[in-house]
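Undergrad: Need coordinates for the below:
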Amino acid sequence: MPAGCPAAILRLIRENRMEDSSLMERVALTRLRRFERVAKVAETSPSTLWQTLARQAARNAYRDYLLAASLTGRDEAFLARLNRAA
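TA: Reported below is the predicted structural model:
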């Protein structure tokens, strides 16, 4: 498991509860969207510290979303959609 992985996600992996995994995926996706918005706002800021922190938060939220999506088996579909959008 990646360092810094949230304890709730690790617990879900151990217990293998798909309904909890789906909920965790939705929470992780909502968090990812929020930090993406924060990162976009931070890019307009003159503060490099603010920009760096916002990018790191978005990166961590992305990592957590991929981990949560892998619990439900939807990570491949997400990555395919992401690659088509790029």
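
Undergrad: list the contacts for Ala28?
TA: By C-beta atoms under 8 Å, 6 or more residues apart in numbering, the contact set of Ala28 is Ala61, Asp64, Tyr65, Leu67, Ala68, Ala69. Any C-beta I mention is one placed from the backbone N, CA and C, and that applies to glycine too.

Undergrad: And the strand or helix carrying it, what's buried?
TA: Using DSSP states H and E, Ala28 falls within helix 18-43. For helix 18-43, the neighbour count (16 or more other C-beta atoms under 10 Å) marks 20-21, 24-25, 27-29, 31-32, 35, 38-39, 42 as buried.

Undergrad: Counting neighbours, which of the contacts of Ala28 comes out on top?
TA: In terms of neighbours by other C-beta atoms under 10 Å, the contacts of Ala28 top out with Ala68 at 27 neighbours.

Undergrad: my read: that residue touches Leu23, true?
TA: No. Using C-beta atoms under 8 Å, Ala68 makes no contact with Leu23, being 9.1 Å away.

Undergrad: and Arg55, how many neighbours?
TA: Applying other C-beta under 10 Å, we find 15 residues neighbouring Arg55.

Undergrad: Not counting sequence-adjacent ones, nearest residue to it?
TA: Excluding the flanking residues, the one nearest Arg55 by C-beta to C-beta, 6 or more residues apart in numbering is Ala39, at 5.5 Å.

Undergrad: same question, Asp64
TA: Asp64 sits nearest to Ala28 (C-beta to C-beta, 6+ apart), 5.0 Å away.

Undergrad: how near is that neighbour to Leu66?
TA: Using C-beta to C-beta, to the nearest Å, one gets 8 Å for the distance from Ala28 to Leu66.

Undergrad: I'd guessed the residue nearest to Arg55 sits against Thr52; true?
TA: No. Ala39 is not in contact with Thr52 according to C-beta under 8 Å; the separation is 10.1 Å.

Undergrad: ok so, going back, next up, the contacts around the residue nearest to Arg55.
TA: By C-beta under 8 Å, 6+ apart, the contact list for Ala39 reads Gln51, Ala54, Arg55, Ala57, Ala58.

Undergrad: Regarding the first one, which helix or strand does it belong to?
TA: In other words, Gln51. helix 48-72.
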